[in-house]
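Undergrad: no FASTA, just this:
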């Protein structure tokens with residue numbers, strides 16, 4: 001079995017897509033801590049729904065090779081917003097770590113693609 005950068009890109013993009021799909025469902029469901037966090041950060045309730053929808057859209061775009069660049073761009077924008085929110089609110093590292101992992105996976109996917 002031959003392993004090349006296209007295969008690695010597809011694997012990384014699939015991982016990112018799954019993570020963003022899960023995050024989107026979690027935000028849309030808005031259970032417990034998710035609703036409390038958005039309120040604590042001073043965001044309106046509709047923003048949680050918009051974030052969830054954009055995360056799902058990003059996941060869908062990442063799944064297809066022709067739309068992958070758009071999906072990576074949207075995922076990057078989402079993570080910039082998430083990291084800004086977490087840092088601005090001085091969230092503990094345990095909240096920052098998943099966002100850093102998501103971001104690192106996006107960067108790795110872009111790097112393999114280049």
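TA: Looks like it arrived, so ask away. The structure displayed is predicted, hence computed values, not measured ones.
Undergrad: low-confidence regions, this structure specifically.
TA: Residue ranges of the chain with pLDDT under 70: 1-3.
Undergrad: which element follows the top helix by length along the chain toward the C-terminus?
TA: Longest helix in the chain, counting residues (DSSP state H): helix 5-29. Next in sequence after helix 5-29, counting helices and strands by DSSP states H and E, comes helix 33-40.
Undergrad: now the residue minimising distance to the centre of the chain, nearest residue through space, not along the chain?
TA: With distances taken as CA atoms, centre = their mean, residue 20 lies nearest the centre of the chain, 4.5 Å away. Leaving out its chain neighbours, the residue that sits closest to residue 20 by CB to CB, 6 or more residues apart in numbering is residue 59, at 4.1 Å. For every residue, glycine as well, the C-beta is placed using N, CA and C.
Undergrad: and the helix or strand where the one you found lies, what's buried?
TA: Following DSSP H and E, one finds residue 59 within helix 45-63. Residues of helix 45-63 classed as buried: 48, 51-52, 54-63 (neighbour count, 16 or more other CB atoms under 10 Å).
Undergrad: closest to residue 85 among these?
TA: residue 51 (9.9 Å; CB to CB).
Undergrad: excluding its backbone neighbours, what's nearest the closest one?
TA: residue 27 (5.1 Å).
Undergrad: same check, this time on residue 48
TA: Closest to residue 48 by CB to CB, 6+ apart is residue 38, at 4.6 Å.
Undergrad: so what's the one you found up against?
TA: Residue 38 sits next to 45, 47-48 when contact means CB atoms under 8 Å, 6 or more residues apart in numbering.
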